[in-house]
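**Student:** Provide a 3D model corresponding to the input given below.
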Amino acid sequence: MDIQKQIERFKKGYPFRRLIRPATVGDGIRKLEKDESQVLKQQYEDSLPEISVCKFVPASGAASRMFRDLSMLRETFSSDEAALDPEGKKILEKFLSNAARFPFADILEQRLGEKIEKVSSSENFRLVFDTLLGANGLGYGSVPKGLVPFHSYGGERRTAFCEHFREATGYTNSHGTVSMHFTIPPAFAERFALEEKEAASLLSYEEGVSFDVTYSVQDPETDTIAVAMDNTPVTDADGSLLRRPAGHGALLKNLNELFYDCIFIKNIDNVAKEKLLPDTVRWKKILGGSLFSIQKRVFLYTEALSSSWTSEALEREIVSFCREKLFMDLSQELSGLSGAGRREFLFRALHRPIRVCGVVKNAGEPGGGPFWVEGERGKSLQIVESAEVDRDSSSQRHIWENSTHFNPVDIVCGVKDFRGEKFNLTGFVDPEAGIITEKTLGTKKIKVLELPGLWNGSMSGWITVFVEVPSTTFNPVKTVWDLLKDPHQVE
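**Tutor:** Residues are numbered from 1 along each chain as shown. Presented below is the predicted three-dimensional model:
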């Protein structure tokens, strides 16, 4: 997007998504019975030897937000007149009382040369937080979140990145090879390579598998400018335009360059301790089986429609499938069509990439969820983020607040058609689904532009299927305190 178009976008803004209602069980979300789940799991396992499969993990995000509370303490203790307010005292007490439970505790103490309790008793808190967060220490205030230890198994510490290797062996093992793709910041490529070598070596010995790990970076060409509140471009100290990464929607380009039959997408911070892996792996296979089950029918129908091998009976079957399995009611659009027009419409409705998205019951987590949305293409199922909703509208706010499920980013993608040819994923983006947000640069407010999100507007034109999955499969670490929760505490 060129500079002038970006400026025009800042002036024009993006329209809010028009929510119709939340997707619920039976109305956009499938809740699988135990027998059906087992059949789909078996279907995935039976299909695995015949397909190529990959796990795609965006891993370029820094851990700065994760350690925000502790960074605040560091800044306070770096002051000549360090004085904690009541909230700061509460955070400090929480950290000190739980210090030994963090998976990085022993590494921190090795760097300090003594127990945290001893350092803290001398009130040298600045040393503690400088060592934990500073560039001359462990650097957790700026390293990618994937390189932060999430779990400690006795003397073995595992980063989030390493835990993704162990999880992937359970469901992406095709012909003895586990394929994974990470998007990373280029400055940390060497660190990730060292972690890969250690994790792959250990698991290759334990699991008898080999790893095919690839990396990519967010293309700087997708970066967008920032503007002041009057929509004039913001510049750096040297006078050049300030450019910023355009959000995870920029990673569509990275995803589009993968040619696997089946691609699982999962966030870097959503991994649990090893004891919980069997349930996670089981549901990954169920989601994969759901994709294959749907693809089998979609491929059959699109091949027939492309060759005009249809009959009225087959067209009725296709319409019924769309309604019952995909929650797509096509009756209104088809009512004025006949013959070739009907076949063309049905083909276009089904000749698209497919995503099966696991969703969990809404427990108040911040983030997006599944909704019925009205758009230029009519009514469709979408993942919607809060920033895309007009919260000033009482009706839209009511719909948003009554959602029943949450998007944990537990997605399996089918990106090829019935011929085995890969779709060009850039052709299914809703260009009007970006986001403009306010940030602070120094002391002044600026506006920044994010491209349509990877699993939001970038996949707006995909066939979307929502499947309810148990909350045990969703164990994110958004803040350092989440590491103290049971899914990340190892007995």
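
**Student:** quick one, phi psi at Thr426?
**Tutor:** The phi and psi values for Thr426, taken as degrees, to the nearest 10, are phi -70, psi -10.

**Student:** now swap in the one 4 residues further on and tell me
**Tutor:** In this entry, Asp430 is assigned phi and psi values of phi -90, psi 100 (degrees, to the nearest 10).

**Student:** and if you look at Lys447?
**Tutor:** Per degrees, to the nearest 10, the backbone of Lys447 is at phi -110, psi 140.

**Student:** Can you tell me how far the closest residue to it other than its chain neighbours is from Arg166?
**Tutor:** With sequence-adjacent residues excluded and distances taken as CB to CB, 6 or more residues apart in numbering, Lys447 is closest to Val227, at 5.2 Å. In short, each C-beta sits where N, CA and C put it, glycine included. Per CB to CB, to the nearest Å, Val227 is found 44 Å from Arg166.

**Student:** Show me which of the two is the more surrounded one.
**Tutor:** Using other CB atoms under 10 Å, the more surrounded residue of Val227 and Arg166 is Val227, with 22 against 19.

**Student:** longest helix in the chain, by residue count?
**Tutor:** The longest helix of the chain (DSSP state H) is helix 277-306.

**Student:** okay, the angle between whichever helix or strand comes after it and helix 277-306?
**Tutor:** Per DSSP states H and E, helix 277-306 leads on to helix 312-325 as the next helix or strand towards the C-terminus. Interaxial angle, helix 312-325 versus helix 277-306 (axes from the mean of the first three to the mean of the last three CA atoms, to 10 degrees): 150 degrees.

**Student:** Just the CA coordinates for helix 312-325, please, in CSV.
**Tutor:** Taking C-alpha atoms only, helix 312-325 is exported to CSV below (Å, rounded to 0.1, in the frame of the first residue of the first chain):
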residue,chain,number,x,y,z
GLU,A,312,-31.2,-31.5,-9.8
ALA,A,313,-30.8,-34.2,-7.2
LEU,A,314,-27.1,-33.5,-6.8
GLU,A,315,-27.7,-29.7,-6.6
ARG,A,316,-30.3,-30.3,-3.8
GLU,A,317,-27.7,-32.5,-2.0
ILE,A,318,-25.1,-29.7,-2.3
VAL,A,319,-27.6,-27.1,-0.9
SER,A,320,-28.5,-29.5,1.9
PHE,A,321,-24.8,-30.0,2.8
CYS,A,322,-24.1,-26.3,2.8
ARG,A,323,-27.0,-25.7,5.2
GLU,A,324,-26.5,-28.6,7.5
LYS,A,325,-22.7,-28.9,7.7
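
**Student:** on contacts alone, who are the packing partners of it?
**Tutor:** Packing partners of helix 312-325 (3 or more CB pairs under 8 Å, 6 or more residues apart in numbering; DSSP states H and E): helix 277-306, helix 340-350.

**Student:** Also compute the angle for it relative to helix 340-350, please.
**Tutor:** Using the same axes, to 10 degrees, helix 312-325 lies at 30 degrees relative to helix 340-350.

**Student:** Where does the prediction get shaky in the protein?
**Tutor:** Across the chain, residues meeting the criterion (pLDDT under 70) sit at 1, 80-82, 122, 366, 491.

**Student:** who does the longest strand seen in it pair up with?
**Tutor:** As far as residue count goes, and with DSSP state E defining each element, the longest strand of the chain is strand 405-414. In the sheet, strand 405-414 lines up against strand 262-266 (antiparallel), strand 354-361 (antiparallel) (DSSP bridges).

**Student:** Nearest to Gly341 among those strands would be which one?
**Tutor:** strand 354-361 (24.1 Å; CB to CB).

**Student:** Specify the next element, helix or strand, located C-terminal of the closest one.
**Tutor:** The helix or strand immediately downstream of strand 354-361 is strand 369-375, counting by DSSP H and E.

**Student:** tell me which residues of that following strand are tucked away?
**Tutor:** Buried residues in strand 369-375, counted by 16 or more other CB atoms under 10 Å: Gly369, Pro370, Phe371, Trp372, Val373, Gly375.

**Student:** Over to the closest residue to the first one other than its chain neighbours: give its phi and psi.
**Tutor:** Excluding its sequence neighbours, the residue lying closest to Gly369 (CB to CB, 6+ apart) is Ser403, at 4.5 Å. Dihedral pair for Ser403: phi -70, psi 150, per degrees, to the nearest 10.

**Student:** Please look at Ser403 and Pro22 and confirm they touch.
**Tutor:** Yes - between Ser403 and Pro22 there is a contact under CB atoms under 8 Å: 4.1 Å.

**Student:** okay, and the common contacts of these two?
**Tutor:** Gly369, Pro370, Phe371 (CB atoms under 8 Å, 6 or more residues apart in numbering).

**Student:** how about Asn173, what does it touch?
**Tutor:** Contacts of Asn173 by CB under 8 Å, 6+ apart are Leu48, Glu207, Val209.

**Student:** where do the strands sit along the stretch 151-300 of the chain?
**Tutor:** 156-159, 173-174, 177-183, 210-216, 224-228, 243-244, 262-266 (DSSP state E, counting those that start in this stretch).

**Student:** Can you give the distance of the fourth one from its chain's centre?
**Tutor:** Think strand 210-216. With CA atoms, centre = their mean, to the nearest Å as the basis, strand 210-216 stands 19 Å off its chain's centre.

**Student:** That strand - contacts with which helices or strands?
**Tutor:** Checking 3+ CB pairs under 8 Å, 6+ apart, strand 210-216 ends up next to strand 177-183, helix 189-207.

**Student:** Any chance of CSV for the ones you listed, columns distance to Arg18 and mean neighbour count?
**Tutor:** Formatted as CSV, the helices and strands packed on strand 210-216 follow (distance: least, CB to CB, whole Å; neighbours: other CB atoms under 10 Å):
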stretch, distance to Arg18, mean neighbour count
strand 177-183, 31, 21
helix 189-207, 41, 15
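
**Student:** These into a markdown table, with extra columns for distance to Val281?
**Tutor:** Putting those into a markdown table (distance: least, CB to CB, whole Å) gives the following:
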| stretch | distance to Val281 |
| --- | --- |
| strand 177-183 | 12 |
| helix 189-207 | 12 |
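
**Student:** of all those, which lies closest to Arg355?
**Tutor:** strand 177-183 (16.6 Å).

**Student:** and the gap between the nearest residue to Leu451 once chain neighbours are set aside and Arg355?
**Tutor:** The shortest distance from Leu451 to any residue other than its chain neighbours is 3.5 Å, reached at Gly249 (CB to CB, 6+ apart). Separation of Gly249 from Arg355 (CB to CB): 15 Å.

**Student:** same question, Thr443
**Tutor:** 42 Å.

**Student:** Which one's more surrounded, those two?
**Tutor:** Arg355 (22 against 5).
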